[in-house]
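below: sequence and its predicted model.
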Amino acid sequence: MYKKFFGLKQEPFSIAPDPHYLFMSERHREALAHLLYGVRGGGGFVLLTGEIGAGKTTVCRCFLEQVPRRTNLAYIFNPRQTAEELLESICEEFRIPREASPERPLTARDHVAALNEFLLRTHGVGQNNVLIIDEAQNLSAEVLEQLRLLTNLETNERKLLQIILIGQPELRDLLARPELEQLAQRIIARYHLGALTPRETAQYIQHRMTVSGLNGALPFEADAVQRIHAMTRGVPRRINLLCDRALLGAYASGKPLVTTAIVDKAAAEVKGEMPSRAVRASGRKGRLRIAWALLLGMVAGAALLGGALWVLQGLPGQTPTETGAPRPSGS
């Protein structure tokens, strides 16, 4: 919607993991280098972790474009599977043929045998095999142990299957369990992808705008960029969401620059919250409504009490004393 207004050819802050938009900060370069090293490292496990939205999947997509030739890839996006289901998914990703019949369905042993035969055959013709598992923090200990067993197949020079585990920080805690020590010892490279610094955040915004076709100056005030970093804590996906909404807000206001005020409003919209000033005003109105309700309640209560006393005065058998009236003298 705002592309033409800012002279862009594409939307710069899509949250899709497009490798063309990958901003190669020092951290992202190191993460990519670890993945490439792992492929050439002779098998075993490579571990890449990072916060939600830190850019792990985007780095992996960039890695996929740079894998060495004669490499077979299997990419598992949904690891919430049993050990047998995961084995079946791996075979399907590697396009390994298997024969099943209604009388005898395939078992985990059949999948492992077919996979082992495939690894030996492809190694014999000089091919490498890489298995990538995204969102690996969702793997169970049982499935991780099955993956470790898959790396047992090896020659005198190297293991025949390279496994890359990509996940959130909880994956590191999972692999630190005592029962998974054997797997942890087979991790040949590991890297944790951190958030961007304030300077890198500014470079990140400039990079994505330039890739999208920006020719002129960056349509963000310097203070607005600092505010974006503070609100997103340097996490790329959060930066994308906030910058996209801020550009939309500037376009709707007809302003060529994104200001801190526009960023604040955009942040409130992204979070689904009211701006702080509106929240305070709403709170004051709420307190006034409560005060008025209490006052009206007190008035209504006094009126009811007065009415009850008036009724009691007119009832037969009631003495003036019982109604609170003064006793006549001489009685």
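Sure, I can see it.

grab the nearest non-local neighbour of residue 94.
residue 74 (5.0 Å; C-beta to C-beta, 6 or more residues apart in numbering). The C-beta positions use only the backbone N, C-alpha and C, and glycine is treated the same way.

OK, contacts around the one you found?
By C-beta atoms under 8 Å, 6 or more residues apart in numbering, the contact set of residue 74 is 90, 93, 94, 129, 130, 131, 132.

so which of those is the closest to residue 70?
Nearest to residue 70 among the contacts of residue 74: residue 129, at 10.2 Å, using C-beta to C-beta.

the closest one against residue 161, yeah?
Yes. Between residue 129 and residue 161 there is a contact under C-beta atoms under 8 Å: 5.4 Å.

have a look at the two and say which one is more surrounded.
Remark: of residue 129 and residue 161, residue 161 carries more neighbours, 27 against 21, as counted by other C-beta atoms under 10 Å.

which residues touch the more buried one?
Counting by C-beta under 8 Å, 6+ apart, residue 161 has contacts 43, 119, 129, 130, 131, 150, 151, 153.

in the sheet, who's paired with the fourth one?
Beta-bridge pairing of residue 130, defined through DSSP bridges, involves residue 73, residue 162.

right, and it touches residue 67 too?
Yes. In this structure, residue 130 is within contact of residue 67 by C-beta under 8 Å, at 6.9 Å.

what touches both of the two?
Shared contacts of residue 130 and residue 67, defined by C-beta under 8 Å, 6+ apart, are found at 39, 73.

looking at the two, which has the bigger crowd around it?
Neighbours were counted for residue 130 and for residue 67 using other C-beta under 10 Å; residue 130 has more, 22 against 16.

what is the mean pLDDT for stretch 107-124?
What stretch 107-124 shows for mean pLDDT is 92.

next one: stretch 13-30
Computed over stretch 13-30, the average pLDDT equals 86.

what residues of it count as buried?
13, 17, 21, 22, 23, 25, 27, 28 (16 or more other C-beta atoms under 10 Å).

touching, the third one and residue 210? I think so.
Yep, that's residue 21 we're talking about. No. Using C-beta under 8 Å, residue 21 is not in contact with residue 210; the gap is 10.2 Å.

residue 43: neighbouring residues, count only.
22.

likewise residue 168?
18.

now do the contacts for the residue nearest the centre of the chain.
For the chain, the residue nearest the mean C-alpha position is residue 52 (3.7 Å; C-alpha atoms, centre = their mean). Applying C-beta under 8 Å, 6+ apart, we find residue 52 in contact with 168, 235, 237.
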